[in-house]
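Novice: Sequence plus the predicted model coming up.
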Amino acid sequence: MRVLAILLLGCWSGISGAEALRWGFSPADGMPYVEVRNHQLRSGFTHRLGSRVGQRLDLDVRFVETPNKRIEEFIQRGRIHLICNANPDWLAEPQRYHWSPRLYQEEDVLLQHDSDAPMTGLQDLHGKVLGTQLGYIYSLPLMEAFARKLVTRQNVRDLDSGLYLLSRQRLDALIDMRRPLAYRLAQHPELPLHFSDWVVQRYDLHCIYGQHLPVAVERLDEVLLELRDSGAIAQMLDDPRAAPQ
């Protein structure tokens, strides 16, 4: 009996000491991806996805605030194990990391003031001031236009600040992912703003893994692929506040 008790105690210690899955999130992503209060992730798609993956893997998940400019640093140091809503083109050395299967698509689009002429391409931005996110990498033609001073990049503190400046015509346009822009516009239909018909860039989004995962890479890929192919990820994007199943 004493031997059995020692064995059980050892097993329990191993289980209780299992490392939590440290899941990064960018506070700049906004809803429907992240809702952050006091630097803590409270709800949104990222919270739902991480919680669902943790349930499937029988792992605790700890969400870690990760600024866009520090993603690679946090992953290399092991401060986070993974972060989603990512694309290889946004990192300096994407080949150093493992990338999950494609999970969903997004696109960068413009918001304009209702009184301004339509913007249908990059030429229409020349000489204009564009509201952007700090540390965010946009399409190559747009980044080249910033470098050549053809378009003035003005980083905004957050999406609400950008909407305020644009509604007061202190910006000529605002660029962001379509889902966060649509989410905020739906909450503020009184704003004199609309989407441009121009899709600046469309891209796939993945999760990026570091070297310190507490689970096999293949198993994490498998779970994410199951969630994508079953339609669960699309459901979570459509209803980001619902409790994870």
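Specialist: Received, thanks.
Novice: Please, where are all the helices along this protein?
Specialist: Taking DSSP state H as the criterion, the chain carries its helices at 2-16, 45-57, 71-77, 140-147, 159-167, 178-187, 217-229, 232-238.
Novice: Quick one: mean pLDDT over the last one.
Specialist: Spelled out, it's helix 232-238. For helix 232-238, mean pLDDT is 94.
Novice: do the fifth one as well
Specialist: Taken as a whole, helix 159-167 carries a mean pLDDT of 96.
Novice: Next, the angle helix 178-187 makes with that helix.
Specialist: Using axes from the mean of the first three to the mean of the last three Cα atoms, to 10 degrees, one finds that helix 159-167 and helix 178-187 are set 70 degrees apart in direction.
Novice: just checking, what packs against helix 159-167?
Specialist: strand 104-113, strand 129-132, strand 173-177, helix 178-187, strand 193-209 (3 or more Cβ pairs under 8 Å, 6 or more residues apart in numbering; DSSP states H and E). Every residue, glycine included, has its C-beta placed from N, CA and C.
Novice: ok, back up a step: want to throw the helices of the chain into a markdown table with distance to Leu205?
Specialist: Listed next are the helices of the chain as a markdown table, based on distance: least, Cβ to Cβ, whole Å:
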| stretch | distance to Leu205 |
| --- | --- |
| helix 2-16 | 33 |
| helix 45-57 | 11 |
| helix 71-77 | 14 |
| helix 140-147 | 18 |
| helix 159-167 | 18 |
| helix 178-187 | 11 |
| helix 217-229 | 11 |
| helix 232-238 | 10 |
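Novice: mind putting those helices in a markdown table, distance to Met31 and mean neighbour count included?
Specialist: A markdown table is the format used below for the helices of the chain (distance: least, Cβ to Cβ, whole Å; neighbours: other Cβ atoms under 10 Å):
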| stretch | distance to Met31 | mean neighbour count |
| --- | --- | --- |
| helix 2-16 | 35 | 9 |
| helix 45-57 | 8 | 20 |
| helix 71-77 | 20 | 17 |
| helix 140-147 | 24 | 14 |
| helix 159-167 | 9 | 19 |
| helix 178-187 | 5 | 16 |
| helix 217-229 | 20 | 15 |
| helix 232-238 | 11 | 17 |
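Novice: any idea how far the residue most central in space within the chain is from Gly231?
Specialist: With distances taken as Cα atoms, centre = their mean, Asn85 lies nearest the centre of the chain, 3.6 Å away. Relative to Gly231, Asn85 is positioned 19 Å away (Cβ to Cβ, to the nearest Å).
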